[in-house]
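Enquirer: What follows is a predicted protein model with its sequence.
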Amino acid sequence: MMKMPVVRPWAVRWSLALLVCGCAPPAPELETSPTDEEAIQTPVATSSYVSFPALGTPAPLQVAGQLRLPRSTSGKLPAVVIAHGSGGVDSRGSYYARALNEAGIATLEIDMWSARGLLGGAEGRPRAVSETLPDAYGALRFLSAHPAIDGARVGIMGFSWGGVMSMLTATRGYAAGAGPGQRFVAHAPLYPVCWVYNRVPGYEFGDLTGAPVFLQAGTADVYDAPDSCGTLLASLSPADRANLSLKMYEGATHGWDRLEPAVQVSDPYAHQGQGGPVDIAPSPAAARESRRAVVEFFQRTLAPAP
């Protein structure tokens, strides 16, 4: 008897996304074995696959994303753009998105690599993070025009590469790339390679918009020295420093909240620009804490004005 092929649910979803968006879909969410605490038992959000134009790219670029709208809320929703790391869309986006959705916050997880036909990783990403800021600003414009979203309450978070995007969009210089009258009102970068700012051209960080920035990093992240993020904050003006907060995780590596098995990668930006191997190892305890902290940060900063 001929053995029928197994069709995974995510394959069907992303195939439908192709028809809806007319664009390449993000990478599928990986099948993992979450703990009972993290198992998804009932849907908490209505998901749809969307596409929108990047804002300000030299050539037109259509970006795909997964929009999740919480089910148990009414009125216009706050929202968070989720930007992936160099490896592309993985378990981290959905891990945080579910918790944010449970808190009544919509999420838009964007896929920057498929829009450009890139594979990701150190050799398969754009040359500079600034090249992908138009994707974030296109997402902001898309959310601001969505009838279910309050465009005045949109934040951004991201991992590694996406974390750098979350940092740069908090500066007045880079925020000018958004549409007129639009900006992110809260930023939550995770392990955003702190040593690079104000040392490498294109990574200027200062003269902030005034929106709160909540930075999280690990002491065992070999992109940085253990004190790189603290040193960065100390170097800023008092006015800019007042808008930033920092939470460090003892013994956490780069990507501690990535649920896939541990891996080692090589990156020329690692070891404070010297290059070399990087261990990425999951830490369930740190992941739960960083997710909780992110949700609390956005609940506070995206709350409606009194």
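Expert: Here it is on my side, so go on. Residues are numbered from 1 along each chain as shown.
Enquirer: where along the stretch 1-150 of the chain do the strands fall?
Expert: Secondary structure of the stretch 1-150 of the chain (DSSP state E, counting those that start in this stretch): strands at 45-53, 62-70, 77-83, 106-111, 149-159.
Enquirer: Equivalent analysis for the stretch 151-300 of the chain, please.
Expert: Counting by DSSP E, counting those that start in this stretch, the strands of the stretch 151-300 of the chain are 187-190, 213-218, 244-249, 263-267, 276-280.
Enquirer: will you turn these into JSON lines that also has mean pLDDT, mean neighbour count and distance to Pro238?
Expert: Glycine gets a C-beta too; all of them are placed from N, C-alpha and C. Below are those laid out as JSON lines (pLDDT from 0 to 100; neighbours: other C-beta atoms under 10 Å; distance: least, C-beta to C-beta, whole Å):
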{"stretch": "strand 187-190", "mean pLDDT": "98", "mean neighbour count": "27", "distance to Pro238": "19"}
{"stretch": "strand 213-218", "mean pLDDT": "98", "mean neighbour count": "26", "distance to Pro238": "15"}
{"stretch": "strand 244-249", "mean pLDDT": "98", "mean neighbour count": "16", "distance to Pro238": "11"}
{"stretch": "strand 263-267", "mean pLDDT": "96", "mean neighbour count": "14", "distance to Pro238": "33"}
{"stretch": "strand 276-280", "mean pLDDT": "97", "mean neighbour count": "15", "distance to Pro238": "33"}
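Enquirer: want to try JSON lines for those strands, with distance to Arg288 as columns?
Expert: Output for those, formatted as JSON lines (distance: least, C-beta to C-beta, whole Å):
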{"stretch": "strand 187-190", "distance to Arg288": "14"}
{"stretch": "strand 213-218", "distance to Arg288": "13"}
{"stretch": "strand 244-249", "distance to Arg288": "11"}
{"stretch": "strand 263-267", "distance to Arg288": "21"}
{"stretch": "strand 276-280", "distance to Arg288": "18"}
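Enquirer: Looking at those, spot the one closest to Met112.
Expert: Taking C-beta to C-beta, strand 187-190 is the member of the strands of the stretch 151-300 of the chain nearest to Met112, at 15.7 Å.
Enquirer: which residues are contacting that closest one?
Expert: 80, 155-160, 162-167, 169-170, 211-217, 257, 290, 294, 297-298 (C-beta atoms under 8 Å, 6 or more residues apart in numbering).
Enquirer: Would you give the sheet partners of that strand, along with the direction of each?
Expert: Strand pairing for strand 187-190, using DSSP bridges, gives strand 149-159 (parallel), strand 213-218 (parallel).
Enquirer: next one: that strand to chain centre, how far?
Expert: 8 Å (C-alpha atoms, centre = their mean, to the nearest Å).
Enquirer: Same list, the strands of the stretch 1-150 of the chain, but as CSV with mean neighbour count, distance to Ala186 and mean pLDDT please.
Expert: CSV is the format used below for the strands of the stretch 1-150 of the chain (neighbours: other C-beta atoms under 10 Å; distance: least, C-beta to C-beta, whole Å; pLDDT from 0 to 100):
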stretch, mean neighbour count, distance to Ala186, mean pLDDT
strand 45-53, 18, 20, 96
strand 62-70, 24, 17, 97
strand 77-83, 27, 8, 98
strand 106-111, 27, 13, 98
strand 149-159, 24, 4, 98
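Enquirer: and Val89, which of those is closest to it?
Expert: strand 106-111 (5.3 Å).
Enquirer: thinking again about what came up before, can you convert the strands of the stretch 1-150 of the chain into JSON lines and add a column each for distance to Trp195?
Expert: Converted to JSON lines, the strands of the stretch 1-150 of the chain look like this (distance: least, C-beta to C-beta, whole Å):
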{"stretch": "strand 45-53", "distance to Trp195": "33"}
{"stretch": "strand 62-70", "distance to Trp195": "29"}
{"stretch": "strand 77-83", "distance to Trp195": "20"}
{"stretch": "strand 106-111", "distance to Trp195": "26"}
{"stretch": "strand 149-159", "distance to Trp195": "17"}
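Enquirer: on that earlier part again, for Ser228, find the nearest of the strands paired with strand 187-190.
Expert: strand 213-218 (7.8 Å).
Enquirer: List of residues touching the closest one?
Expert: Contacts of strand 213-218 (C-beta under 8 Å, 6+ apart): 166-167, 170, 186-192, 194, 224, 228-229, 233, 243-254, 256, 286, 290, 293-294, 297.
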